[in-house]
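[1] Sequence first, then the predicted structure, then my questions.
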Amino acid sequence: MIHATLHQLKVFEATARHGSFTRAAEELYLTQPTVSIQVKQLTKSVGLPLFEQIGKRLYLTQAGQKLLETCQEIFDGLDQFEMAVSDLKGLKQGQLRLAVITTAKYFVPRLLGPFCQRFPGIDISLKVTNHQQIQERMASNDDDLYIISTPPEQPDLKIYPFLENPLVVLAPQDHPLVGKPRSPIQALNGEQFIMREPGSGTRHAVQKLFAEHDVDVKVRLELGSNEAIKQAIAGGLGISVLSLHTIISEGTSGEFAILDVDHFPIDRRWYVASLAGKQLSVVAQTFLNYLLEESHSLVESLLPGINRASATIAPTPKPKGKAALTQV
C-alpha cells in the first residue's frame, strides 16, 4: 500500500507541471531541498522512479504520469467537495479559472465585475492569449472555461454561443473609402494592411474571406496586439480588420472610421467552451449560466460605445432565446 500525504502529492504535482524542483519550490514557497526530499519520500513509498532527469529538466516516468493523473483526480475531487459544501451553505466560493482570447479582454473584465459583486467569495484566474495557445491549454486541462471566437477543430468540447462578435474594417478618418456606401470588397486590393499574428482567429477569418474573393492586400505589419494595431492605423500605416469590441470605448468619433465594405462585418460570435469530459465546479457552472443568460444585456448596459460604433454598419442578428449547445 502506498502511504502518501496530501502535502507530498501537492509537491509532486507542482514539480511534474514545471519539470523543475526549483520552480515548484518557488510556487509553493518552499526551499528546493524540501521539495526534493518530499519527492524522494514519495518515490520510496511508490517503489518506482517518478522522474527521470535529462539535462536540467525533469520528465515523468510511466509511473509518474499515472500518479500525476491520480493527483489531478484527487485535487479536482477536493475542489468539488469544497464548493459543494459552500453551495449547500448557500454560498458560492472557490476559484474560477478562465482563459480568453486577446480580443475578449475588452469586455470580459467588465462582465466579471458584476459577477464578482454578486458572488464575492469567488476568486478569478484570468489568462489572456491567442487561439493557438488556448488549444494547448485545453489539451492540458488548465482551465475551467474558455472564451473564444472560433470553435477549434477538436473533439470532446462543449461549445455555447453567447454573444455577437462582428469583425469590421477599421481605417483612419482620412481614408478615401470613409463615407462611401457599400464599397465592393475588391476596393481593398492593394491596400496597406496590418495583420494579426499567426494563430489569431481574426487573422484566419480575414484570410479566408480575402481568398474567397481574390482580394490581395499588402501586409505591411504583423502585430500580436489589437492596441498596437489601432495605434498603427492611427499613425497612417494602413488599415486592418478587428473585432468591433476593440473600439467599444471610443466608438468611431475619434481617430478611427469603420469602412462600409461588401461582406463586412464578418459575422462571428463569442463562444464559451469546456471540456466535454470535465465535470464543471459549482463556480464554473454558475459563471457559465451567467454568460448564457445575462451577458448580452450586460454588454449593452456596460458598454454603450458599442451602440455608437454599431450604428455605422449593418446590425448583426441578436440571439433568440437561450443559447444552444453544440458538440464539436
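    Happy to help now that I have it.
[2] got any ranges where the stretch 201-328 of the chain has weak pLDDT?
    Under the criterion pLDDT under 70, the flagged ranges of the stretch 201-328 of the chain are 248-254, 298-328.
[3] buried residues in stretch 273-281?
    The neighbour-count check on stretch 273-281 (16 or more other C-beta atoms under 10 Å) flags 273-275, 278, 280-281 as buried. To be clear about C-beta, it is placed using only N, CA and C from the backbone, and glycine gets the same treatment.
[4] For those residues, give me TSV that also has distance to residue 2 and secondary structure.
    TSV is the format used below for these (distance: C-beta to C-beta, whole Å; DSSP: H, G, I helix; E, B strand; the rest coil):
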residue	distance to residue 2	secondary structure
273	36	strand
274	32	strand
275	28	strand
278	26	coil
280	30	coil
281	27	coil
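[5] ok, now which ones touch the most centrally placed residue in the chain?
    For the chain, the residue whose C-alpha lies nearest the mean C-alpha position (C-alpha atoms, centre = their mean) is residue 100; its distance is 1.6 Å. Residues touching residue 100, when contacts are defined by C-beta atoms under 8 Å, 6 or more residues apart in numbering, comprise 108, 126-129, 146-148.
[6] how about the strands in the stretch 151-300 of the chain?
    Using DSSP state E, counting those that start in this stretch, the strands of the stretch 151-300 of the chain run over 157-164, 167-172, 192-196, 218-223, 240-243, 256-259, 269-275.
[7] residues in contact with the third one?
    This means strand 192-196. Applying C-beta under 8 Å, 6+ apart, the contact partners of strand 192-196 are 202-203, 206, 217-224, 226, 229, 232-233, 237-240.
[8] Just the buried ones among the residues you listed, please.
    202-203, 206, 217, 223, 226, 229, 232-233, 237-240.
[9] contacting residues around residue 199?
    Listed by C-beta under 8 Å, 6+ apart, the contact set of residue 199 reads 130-133.
[10] how does it look with 6 Å?
    For residue 199, the contacting residues are 130, 132, taking C-beta atoms under 6 Å, 6 or more residues apart in numbering as the criterion.
[11] Which strand residues bridge the closest residue to residue 205 other than its chain neighbours?
    Once flanking residues are discounted, residue 205 sits nearest to residue 266: 5.4 Å by C-beta to C-beta, 6 or more residues apart in numbering. Beta-bridge partners recorded for residue 266 (DSSP bridges): residue 167.
[12] before we move on, what about the one 4 residues further on?
    Under the criterion DSSP bridges, residue 270 forms beta bridges with residue 163.
[13] Can you report how many residues lie near it?
    Each residue near residue 270 was counted by other C-beta atoms under 10 Å, and the total is 24.
[14] thinking residue 264 is in contact with residue 170, fair?
    No - here residue 264 does not reach residue 170: they are 10.3 Å apart, not a contact under C-beta atoms under 6 Å.
[15] out of these two, which sits in the busier spot?
    Counting neighbours by other C-beta under 10 Å for residue 264 and for residue 170 shows that residue 170 has the greater number, 27 against 22.
[16] which residues touch that one?
    Shown here is residue 170, whose contacts under the criterion C-beta under 6 Å, 6+ apart are 233, 240, 242, 256.
[17] which of those lies closest to residue 139?
    The shortest gap between residue 139 and any of the contacts of residue 170 belongs to residue 242, at 27.8 Å (C-beta to C-beta).
[18] And that closest one, how far from residue 123?
    Distance from residue 242 to residue 123, counting by C-beta to C-beta, to the nearest Å: 31 Å.
[19] Looking at those two, which one has more neighbours?
    Applying other C-beta under 10 Å to residue 242 and residue 123 shows that residue 242 carries more neighbours, namely 23 against 12.
[20] related to what we said a few turns ago, could you look up the SS state of the residue nearest to the centre of the chain?
    Reducing the assignment at residue 100 to three states with DSSP: H, G, I helix; E, B strand; the rest coil gives strand.
[21] what does residue 120 give?
    Taking three-state DSSP as the rule, one finds residue 120 in the coil state.
[22] For it, grab the count of nearby residues.
    By other C-beta under 10 Å, the residues close to residue 120 number 10.
[23] What pLDDT is listed against it?
    Listed pLDDT for residue 120 reads 85.
[24] From residue 152, how far out is it?
    Here the distance between residue 120 and residue 152 works out to 33 Å (C-beta to C-beta).
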